[in-house]
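> For reference, the sequence and a predicted model appear below.
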Amino acid sequence: MRSPASPPPRSDEEETTDRHHIAGSAEVTAPQPGLAPLTNEDAALPGLTPAQAFDALYAFCAPALVRQTYLLSGRPELARESVERAFQLAWQSWPEVALDRDPAGWVRAAAYEYALSPWHRFRPRYRRPDPPPADPSDRALLNALLGLPPSYRRALVLYDGVGLGLPETAAETEASTPATASRLTRARAEVAARVPEVSDPAVLHRRLAELAAAERLRPAKPEPVRTHGERRNRFWTQAAIAFTITIIGSTALTLRTAPTHYEPPLAPAQAIRGVPAEAALGPLSHAEQQLRTKLRTATTNGPERLVPVSR
C-alpha cells in the first residue's frame, strides 16, 4: 500500500503533458504551453522596456491563468478579477517579479490567493452563486471541485490541472511534501466519489482542461491592467498622504490647545457644620408697637420734615 507521503500515481499520458498547461480550447488535439514556470530567459528578453516585458508575461500567462482561477472559484467574473489583481500587484513590484526565477509562479500564487479569499462571500456581487455550466458532466465536476476544501482544491488544480510536480505544488501551497501528497490523494478520492468517470488521473486532467475551456474566458488587455494598477497606487498614495496630514494637523491642534499645567478638579460640595443658626426677631413690646404706629402715620413729606419744631 502506498504511504500518504508518496505522490499520487501518474500515468504515462499524464507524464507527457506534465509541463503543459490547461488548453485554451477543448477541441485542440495537441496540448498548448501556457502554465509551465516562466524563466527569466523567457520573460526578461534583451532590449525590452519594463512595460513590454510585463505585457509579454501577461500575454503568456493570463489566458490560461483565468481558466485556472475559474476552476478554483467557479465564478468567471471573479476569475478575471483575480488575474487582473495579481498582475497589478506584479506591476507594483515589477523589479522583484522580473528578477524572480519563476515570474509566472509569482503571479499564479497571487491570483490563487485572491481567488480563494474567504472575504468574497461578503461582497454583494458574489453573495449568489453564478449560473452553473450547461453540460451536466461539467456541472457535476465543478460542484465536486467547489465541494473540496480550498487547500485540497488548490493542490488538485496545480498538480492535475497545471501539471506541476509534487515538490513544486508543495512549495507553492506552502505545505510539506507529505501533506501535499495526502491532500492530493484525498481530493482525488472525493472528486472520484462524486464523479466516478474521473477516477483515472489522465481522465481527470483532460476533464479539467475541458471544463476550464468551456466558459471561453477572456482576460483584459495588459495596458488597462497596468494603468488601473497605477491609478490604484496613486489613489492609495494620496489617501495615505492625506491621512498623514490629518494626523499631523490634529496632533498640532491638540498640542496648541492642551493645558500646560495640571488643574485639579473641583471638590464636590459639602454641608458646613457648627455654624449657629441665624437669630430671628422676637415679638415687639408695647412701646415698640406704638413707635412703629407713629412712624407709619407720620407725614412722609412737606416742610415739617425739613424744619425742626421748637419744643
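Received it, and whenever you're ready, just let me know what you need.

> what mean pLDDT does stretch 207-227 have?
For stretch 207-227, mean pLDDT is 80.

> And for stretch 88-96?
Mean pLDDT, stretch 88-96: 88.

> ok now that stretch, how far from the chain's centre?
18 Å (Cα atoms, centre = their mean, to the nearest Å).

> which parts of it are buried?
Residues of stretch 88-96 classed as buried by neighbour count (16 or more other Cβ atoms under 10 Å): 88, 89, 90, 91, 94. In this view, the C-beta of every residue, glycine as well, is placed from N, C-alpha and C.

> buried sites along the helix or strand harbouring residue 144?
Taking DSSP states H and E as the definition, residue 144 sits inside helix 136-146. Applying a neighbour-count criterion of 16+ other Cβ under 10 Å, one finds 138, 140, 141, 142, 144, 145, 146 buried in helix 136-146.

> which of these lies closest to residue 128?
residue 146 (14.2 Å; Cβ to Cβ).

> I figured the closest one hits residue 71, correct?
No - the criterion here is Cβ atoms under 8 Å, and residue 146 misses it with residue 71 at 9.2 Å.

> Quick check: neighbours shared by those two?
residue 153 (Cβ atoms under 8 Å, 6 or more residues apart in numbering).

> Start from the N-terminal end of the chain and give the helices.
Listed in chain order, the helices of the chain (DSSP state H) span 12-16, 40-43, 50-73, 76-92, 94-99, 103-115, 136-146, 150-156, 166-172, 177-194, 201-214, 222-257, 286-297.

> Adding distance to residue 124, write the ones you listed out as a markdown table.
Shown next, in a markdown table, are the helices of the chain (distance: least, Cβ to Cβ, whole Å):
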| stretch | distance to residue 124 |
| --- | --- |
| helix 12-16 | 41 |
| helix 40-43 | 37 |
| helix 50-73 | 16 |
| helix 76-92 | 13 |
| helix 94-99 | 32 |
| helix 103-115 | 18 |
| helix 136-146 | 20 |
| helix 150-156 | 22 |
| helix 166-172 | 31 |
| helix 177-194 | 30 |
| helix 201-214 | 27 |
| helix 222-257 | 21 |
| helix 286-297 | 90 |
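
> Nearest to residue 275 among those helices would be which one?
Relative to residue 275, the nearest member of those by Cβ to Cβ is helix 286-297, separated by 29.2 Å.
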